[in-house]
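In: here you go, sequence then predicted model.
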Amino acid sequence: PDRYVVAGNPVAHSRSPEIHAMFATQTGESLVYERLLCPLDGFETSLRSFVAAGGRGCNITVPFKFEAHALARRLSPRAQLAGACNVLRFDGADDWFGDNSDGIGLARDIERNAGWPLQGRRLLLLGAGGAAAGVLGSLIEGRPAEIVLANRSVDKARALVDSHAAFAAEHGVRLRASALDETGDGFDILVNGTSASLAGAAVPVPPQVLRPGALALDMMYGPAAQRFLEWAAAHGFEGRDGLGMLVEQAAEAFYLWRGRRPDSAPVLATLRERIA
Ligand code: ATR
């Protein structure tokens, strides 16, 4: 069977092997999907060994998404825009195709799974690291009225806004960078793409920035998302973790590798039972 991995450091916590095993069973595709722990200074070497041993593709997690982008010979337009890759497909020893399915995964989770169409909404996206960079383009494609990108270091938010300014203008989306305490208020949807939750820190904006009943989504899942979900519930928001996004980005990677679209709903339901 064809071999795939999720490459990262750390990677032991990754649920991707379970998800792709379920997709393979569902579609009847014959493949093996494992975890590949790469030394922090040995991402490329680890991948080359894997490709030499017959590897066909990989997902990439923290902290290698930017390096994966640099290593790909060819890139999808959305990976070019993001400047980061969470998927590689090995079409030949040196012919690596890089894609980014995080954004489409997030947008599908918000629109289809949570039932919140993005069009016309006012969005607040927190963070300007790899996670935020990976999703901004796809959020723009949903044609919200406005996206405010707020980050602790405003310079990083500005850089990300600059690299997406033309794309936002093409889609008729107002896009601006902000400090965490200057976002404005009345937002319909909050997406937390900071790693504040991982560090056990509080949600880095006050609840007043959202309108009553807003959707509040953290890209983390499991224990890391707990504090965020409690905050959302305490303020009457519709809280959502990153599990749906995880399954949807995996479905898109599976499609890139195998040309088959798995049904994400039962996989998300099973995963939720296992994690709860
Ligand atoms: P990732 O790949 O998960 O995005 P990253 O590139 O290290 O990781 O980015 C982490 C993001 O979380 C950054 O936007 C960071 O803000 P800075 O750019 O100002 O460093 C944000 N972040 C981390 N801890 C935070 C905290 N306690 N409060 C607010 N923002 C935080």
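Out: Cool, got the structure.

In: what parts of the protein come near the ligand?
Out: Applying C-beta under 6 Å from any ligand atom, one finds that the chain approaches the ligand through 62, 127-131, 151-153, 156, 194-196, 199, 201, 204. Where C-beta positions appear, they are placed from N, C-alpha and C, glycine not excepted.

In: buried subset of the residues you listed?
Out: Those of the residues of the chain next to the ligand that meet the buried threshold are 127-131, 151, 156, 194-196, 204, by 16 or more other C-beta atoms under 10 Å.

In: looking at those residues, which one is closest to A82?
Out: G130 (8.7 Å; C-beta to C-beta).

In: which residue is the nearest non-sequential neighbour of that closest one?
Out: K65 (4.8 Å; C-beta to C-beta, 6 or more residues apart in numbering).

In: what about the one you found, distance to S195?
Out: 13 Å (C-beta to C-beta, to the nearest Å).

In: list the residues that contact the residue nearest to G130.
Out: 84-86, 100, 130, 134 (C-beta atoms under 8 Å, 6 or more residues apart in numbering).

In: got a pLDDT number for I275?
Out: I275 is assigned 88 on the pLDDT scale.

In: ok, now G8?
Out: 97.

In: can you tell me which of the residues of the chain next to the ligand lies closest to the ligand?
Out: Lowest distance from the ligand to these (C-beta to the nearest ligand atom) belongs to G129, with 2.0 Å.

In: is the closest one in contact with S195, as I believe?
Out: Yes - look at G129 against S195 with C-beta atoms under 8 Å: they come within range, at 7.0 Å.

In: quick one on the thing from earlier: among the residues of the chain next to the ligand, find the lowest-pLDDT one for me.
Out: A199 (80).

In: how about it, secondary structure?
Out: coil (DSSP: H, G, I helix; E, B strand; the rest coil).

In: tell me which helix or strand L190 sits in.
Out: strand 187-192 (DSSP states H and E).

In: just checking: what are the partner strands of the helix or strand following that strand?
Out: With elements assigned by DSSP H and E, the helix or strand that comes after strand 187-192 is strand 210-218. Strand 210-218 pairs in its sheet with strand 187-192 (parallel), strand 238-240 (parallel), by DSSP bridges.
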